[in-house]
Structure formats: C-alpha cells, structure tokens
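>>> one predicted model, sequence on top.
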Amino acid sequence: MRFLPLVFVALAAAAFFVFPYDLAFLTRILIMIVLVLSVDLILGYAGVPTLGQAAMYGAGAYAAGLFAIHVWADPVAGLIIGGLAGAALAFVSGLIVMRTHGLTAIMLTIAVAQICLEIANRARDITGGAEGLRGIRMEPVLGLFAFDFIGQTGYWYALIVVCVVFAALAVIGRAPFGMSLRGIHESRDRMLAIGAPVYWRLVLAYTLGGAVAGIGGALAAQITQLVSLETLSFTLSAEALIMLILGGTGRLYGAVIGTVLFMTVHHLAAANDPFNWLFVIGGMVLAMVFFLPSGLISLGHALKGGRK
Amino acid sequence: MTEILTFTDVTAGYGPTHVLRGVSLSIHKGERLAIIGRNGAGKTTLMATMMGLTRMHGGQITLNGQRIDRLPPFKRNALGLGLVPQTRDIFKSLSVEENLLAANGTMALEEAYALFPRLKERRRNGGGQLSGGEQQMLAIARTLMTEPQVILLDEPLEGLAPVICEHLMDVFDKLAQSGRTLLLVEQHAEAALSFASRAVLMSNGAIVHDGPSDELKQAPDLLHRHVGLALTSEEDT
C-alpha cells in the first residue's frame, strides 16, 4: 500500500504518452478524482452521507471562473479562491447539516445543491445562467506553462493538483483529527465521552471536504474555460458517490480507483451505445454491491478468501 | 474529604423513559466507590448520566462544585470525567495506537503503554483483532488519555479471564493511589467490595443502600436483602 501513490502517478504519467489523443478525457478523470476524494473525507472518514457535494464543486467553479474573468487569471490564485468558496459554502450549510443524521442530512445536502443551482440559474447576468459562464482565459501556470489546445498543460496541472490534494488528505487522515473522524464514524457517543467536540469536528471535516470539492470545481473551470449549471447538478453529486462506493470508502485509494473505473466504463459504454449505456453502469454497480460490497479496494482481500 | 461529584435528586433515562428515579449521591475526592446491583438496576444509566449520555428529566449534577448537567459529554470530559463503557466501543477500523490518539488527550502514549505493556506489543494491530482483555485494556487506556480526575468504570471485569481481572484491579489500585476518584460498577459484588472503600446498592433505578464496603462484607445478608445478590464465597457454601 505504501507504494500505491507512486504506482498511480506512474500510471497517470504513462497514460499521457499512451493516450495522447484522449487527454481531455483523462483530465476529466483527474478533476473528478478531486471531487470524489472530497466525498471520501466526508462519507468515508466522518461517516456523513452526502448527495450534494456538487454544491461546493460548483461554488468553487463559479468563484474561480468569475475571479479569472474579473480579477486575476492566475491559475493557482484561482484554485485558492475556488477552495475558499467551497469551504465557505460547506461551513455555512454544515452548521445546519451536521446537526442532523441519516436521511435528514442527505435531504439537506440535496436541498443546498438545488438552491445553489437555482441561484446560479437565476443570476444570469453574473453566472451566464443556462448558457454557462464563458470567457475564462487563464494565464500560464506559475507564469511558465500556458494552457494549450491539446490539453497537455491542463493534464499535468490537474495531475499535480490531484497529487497535492491526495497527499494533504492522507496527512489529515493519519493525524489525530482524521482518527477522531473515523472514531466518530464508528461511535459518536464514544468520541463525545473521550472529549471530542463531535459537532465541530464534523463541521470542520465538511468544510475541508467543501474546500477540496471547490478546488476540483476551480480546476474544471480553469481547464475547460467554461462553467455550466451541470457543475451544481444532483447527477454529479450522485455520480461522485457511486464512484466512491465502487472504489471503496475511507481509504482515498478507493476514490481514485472508483473514479477511473466509472469514468472509463462510462466513456466506453456511452461511445458504443449512446442510448443504453446506463445499463452497463447499473450492472456494474449491482455486481459490486453483491460481490464486493466494500468496493474494488477490497478485491485483493476477497481473492485471498478473507471477508469482503 | 472534599466532594468532587454530586447527584441531587436526579431523574434520568432514555427518551421519555425514566430509569433513574430521584438519585442523590455524593462522591469524595480520591474515593473508591463500588456501585452494585442486578441487571437493569440502573447502574449503567447512572454512569451514562454522569457523562451526559442520557436525557435528564430532573435534578442536578455538580463536578468540583460546578453544575455540569447541561454540559455536553466532551465538556464534562474536559472538566475531568472519564467513562470506560461496558460495551468498550473500540474503534475497529483504527489500530491500537490510533485508538489512543483519536482521544486527542494530553497523556503521552508511553504512559498508557507503561500501564498496559500488552498494548505496546499490539500497537499496530487493528482494534478488531484484539482479545476481550486487550480490548478492555485499550478502552481503559483510551479513557485515561484525557487524564480524567474521576474515572467511571462500567463492568470492566465482565467476561475476562481471572489473570486479566487481577491485572486490571492492580491498574485500578495504581490509579486510585495517584489520587484519582474511581467509580466501579460491578455485578460481581465480591470483586467490587474488595476494591472499594464504600459501596452503593442500586435497585429499580434508586439507591437502596449506601455505606462502607466492610459493612457489606461483614453482613452479606444486606446485599441479598437489598438487591438479591450474594457474595461468591457465600454462594460456594
């Protein structure tokens, strides 16, 4: 497991050379990995169910897009703005969502995303409404690497952001804060009794997750140079959750594996049968739930005959 | 002796259900108190109520003279209360060391390992891979990480081998000698009475007897009369 991150980076680097004409698709996978990692922090570590992570992703995308258009088109500054926007929305909504559990929490996360979607739709003068936010022109990354038409800079930029986010979440996961989140996931009462302010830790985890999702949204806005209402959609939130479940929760690697699997199958199935590709996705999810309920990450353990 | 924890006419339970009925109790600093009663007597609810894990319907609780009955559990812990639950609640997804670190306490890991060397040997093992005795050691060590002044031990010897029980009782002795206040809930009256200087008998959510442990040891019929329990030595004969 120690070398898995290096294996992922090596595979991602190899993909750049093996699939030079699919860089746009590969970059989309990397952006989605950031979003799914944010869901893993919230659901996999802290055990908070969410179907509204697109709200923070979209907030980050719109904030970074508007910042680039009206203030400064520096990519790194845009990422920070996107992260702050996602964190701010997550903090404010988290103050309410974290007071609830289970289905109520899920419904609230959906509601927040739907409200954001409607605001973005109505605020046409600022967001572009249904036509999306256009006119984003980014400066070169670090003043050195200009975004190109083929998407080479975008790919490496996205890969570096994924690596940084992954490393940061890995550090958080191994810190006492991350352990306390996993403790809260297993027993809120026990964590309360051993001195953890559970509510505020959950709000903090949700805020951090929102920041990560916001960074993902900002990345998408900068690379695609477009922010559409889809960035706030329920479908995006649900797909991110499915990707995480496919890969396995609470390990970060699961988020990476699940996203790659889902996006690749989606890509191939949709290319072969644009009308019925959802059957393939549905079948894959069903197979996973029945045969590997802990996700692909547990495949090795299951093959050795251990419990799934 | 100084009062450290007091219960005044406390009525508490789960949701609308009342389990404790008008419990009043005063615990002194450094005291070793045994709480004895049959299943369902309200012992665990008493502990949980001290920690803030039940719903209080009336009365008040103070710790070091400060009212704590409206404080959430983590604030009570910060003020010096620590609970080792009957269910142990080990975090199975975390290793032994991570279980201890999750408490985010002030005590050094080495201090916990000094009390329980077995945990040091198994520090990389998952919480779910431990034996019952090891789990209990971990549950106690995890509670100690925040250095509570009053330690609530809810049936810590339940289901453990005699050698483990002896080891745990030695640890409880050390903790008591270091000036901490220990409340021990036990169904096994003999073990509890041999450890504690004072014993409280509970039945149907109320305290039915409160006095020195020696009194109960010398007059075991009191135990039988109040809570229907007998000392093991009595049962053997």
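Looks like it came in fine.
>>> what's opposite the nearest residue to B:I140 once chain neighbours are set aside in the beta bridge?
Closest residue to B:I140 apart from its sequence neighbours, by Cβ to Cβ, 6 or more residues apart in numbering or on different chains: B:V84 at 5.2 Å. Backbone N, C-alpha and C define where each C-beta goes, glycine included. In this structure, B:V84 bridges to B:L153 when assessed by DSSP bridges.
>>> you'd agree B:V84 is up against B:E158?
No - B:V84 is beyond contact range of B:E158, at 11.4 Å (criterion: Cβ atoms under 8 Å).
>>> higher neighbour count, those two?
Taking neighbours as other Cβ atoms under 10 Å in any protein chain shown, B:V84 and B:E158 compare with B:V84 leading, 25 against 15.
>>> how about the contacts made by the more buried one?
By Cβ atoms under 8 Å, 6 or more residues apart in numbering or on different chains, the contact set of B:V84 is B:Q136, B:A139, B:I140, B:T143, B:I151, B:L152, B:L153, B:D154, B:P156.
>>> just the strands in chain B please.
Assigned by DSSP state E, the strands in chain B fall at B:3-14, B:17-28, B:32-37, B:55-63, B:66-67, B:81-84, B:150-154, B:181-186, B:198-203, B:206-212.
>>> what parts of chain B come near chain A?
Residues of chain B lying near chain A by Cβ under 8 Å from any Cβ of the partner chain: B:51-53, B:72-74, B:77-78, B:82-83, B:85, B:89, B:91-94, B:98-99, B:101-105, B:142-143, B:145-146.
>>> swap in 6 Å and give it another go.
Residues of chain B that fall close to chain A, judged by Cβ under 6 Å from any Cβ of the partner chain: B:51, B:53, B:73-74, B:77-78, B:83, B:89, B:91, B:93-94, B:98, B:101-104, B:146.
>>> quick one: buried ones out of those?
When the residues of chain B next to chain A are checked for burial by 16 or more other Cβ atoms under 10 Å in any protein chain shown, the buried set is B:51, B:53, B:73-74, B:77, B:83, B:89, B:91, B:93-94, B:98, B:101-104, B:146.
>>> quick check: which of those has the minimum pLDDT.
Lowest pLDDT of those: B:N104, 75.
>>> report pLDDT for the nearest residue to that one once chain neighbours are set aside.
Leaving aside its chain neighbours, B:N104 sits nearest to A:P176 (4.7 Å; criterion: Cβ to Cβ, 6+ apart). On pLDDT, A:P176 comes in at 91.
>>> A:P176: neighbour count?
Neighbour count of A:P176, defined by other Cβ under 10 Å: 16.
>>> same check, this time on B:P212
Neighbourhood size, B:P212 [other Cβ under 10 Å]: 13.
>>> give the closest residue to A:S187 in space, chain neighbours not counted.
B:D89 (4.9 Å).
>>> that neighbour contacts A:R190, doesn't it?
Yes - applying Cβ atoms under 6 Å, one finds B:D89 in contact with A:R190, separated by 4.1 Å.
>>> ranges for the helices of chain B?
With DSSP state H as the criterion, chain B has helices at B:43-51, B:73-79, B:96-102, B:109-115, B:117-121, B:132-144, B:162-177, B:189-195, B:213-218, B:221-227, B:232-236.
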